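>>> I'll drop the sequence and a predicted model, then ask my questions.
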Amino acid sequence: MKTVLITGTSSGYGLEMAKLFHAEGWKVIAGMRTPREDVLPESDRIQIVPLDVTSPDSIKAALEAAGLIDVLVNNAGIGMFGAFEATSIDTARQIFETNTFGVMAMTQAVIPQFRARGSGTIINITSSAVLVPMPLVAIYTASKTAVDGFTASLANELNHFGIRVKMVQPGYGPTTAFSRDAASYVERFIPEAYQAYANDIFGMMTRPKAHTLPEDVAKVVWQAAHDNSAVMSFPAGPDAVEMSKVRRAA
C-alpha cells in the first residue's frame, strides 16, 4: 500500500485529492492548518495531521507523524486578487510564505527519505496563471511562477536519484478556496481608480466559459503521481488545457 501526503486538504482541490487517493486504496496523510475530522471518511487509511507549511516545527511534526511516504502533493496555497499598486510588500511576503516558501520547505523536508530509497514523487500545484498573463493577480502569479521555475530545475536535479518532480496547473474554479481568498482581498487592495476595471475583470473570472472543478484537478494529480515519463507539467481543467495550448503555440 502506497502513502501520499497532501497539504491543504480541508477543502477544495486538496480535499478532492485526498478522497480520490483513498478511494484508490492508498493511505492518505491529510495535512490541514486547522484539522477537521468531518470532511473525510473514517478509515484506517486516512490520517489527519496538523500542518502549517509556513512553520518548520509544524512540518517536522507532521512528517514524523506520517512516517515514510511515496508521494508528496504540495497543494496548500492562498489566492489573491488586487492591484499591485495598492498591495504592501508585507502582504506579498505573506503570499510567498505559503505559496512559494511553503512548497520549498515541504519539499526539502521529504527529499532525504526519497533519496535514501531511490524513489518518490513530488507534485507541486501551481496555477493556470503561470500559463497566460492575467491582470490584478500579479503577486499571486509571481508566487506560483516561482514554483514553476523551482519545479523545472528540481526535476532535473533529483532525477539522478530516482525522484520524480511534477507540476499540476489548475484552471480557475469560482467555488474554490482561491476565489474565497481572492474575494477577501478586493475591498482592501482595489483603490477607487481601479474599481470599474476590477469589477469587469472579477466578473469575467467568476463567470468563465469553462471552469475547473476539484475533481478535474484530483484526476490529473492522480495521473501525475503515476507518470513515469519525462513530462513535467500537467494542466488540469478545460480552461487550463486551452491556456496550455495557447502557450505552446505562442
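Perfect, I can see it now. Numbers count the residues shown, from 1 in each chain.
>>> Which strands and helices lie in contact with the top helix by length along the chain?
Counting residues, the longest helix found in the chain (DSSP state H) is helix 138-159. Counting by 3 or more Cβ pairs under 8 Å, 6 or more residues apart in numbering; DSSP states H and E, the packing neighbours recorded for helix 138-159 are helix 89-96, helix 102-117, strand 121-125, strand 164-170. Using the backbone N, CA and C atoms, a C-beta is placed for each residue, glycine as well.
>>> Compile these into JSON lines and extend it with columns for mean pLDDT, distance to S244 and mean neighbour count.
Putting those into JSON lines (pLDDT from 0 to 100; distance: least, Cβ to Cβ, whole Å; neighbours: other Cβ atoms under 10 Å) gives the following:
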{"stretch": "helix 89-96", "mean pLDDT": "96", "distance to S244": "24", "mean neighbour count": "14"}
{"stretch": "helix 102-117", "mean pLDDT": "98", "distance to S244": "20", "mean neighbour count": "18"}
{"stretch": "strand 121-125", "mean pLDDT": "98", "distance to S244": "15", "mean neighbour count": "25"}
{"stretch": "strand 164-170", "mean pLDDT": "97", "distance to S244": "7", "mean neighbour count": "26"}
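>>> May I see those organised as TSV, with distance to D216 added?
Below are the helices and strands packed on helix 138-159 laid out as TSV (distance: least, Cβ to Cβ, whole Å):
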stretch	distance to D216
helix 89-96	24
helix 102-117	21
strand 121-125	12
strand 164-170	7
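>>> how close does the closest residue to F84 other than its chain neighbours sit to Q195?
Of all residues not flanking F84 in the chain, A138 sits nearest, at 4.4 Å (Cβ to Cβ, 6 or more residues apart in numbering). According to Cβ to Cβ, to the nearest Å, A138 and Q195 sit 18 Å apart.
>>> So if I had to pick from the two, which one is more boxed in?
Using other Cβ atoms under 10 Å, the more surrounded residue of A138 and Q195 is A138, with 18 against 12.
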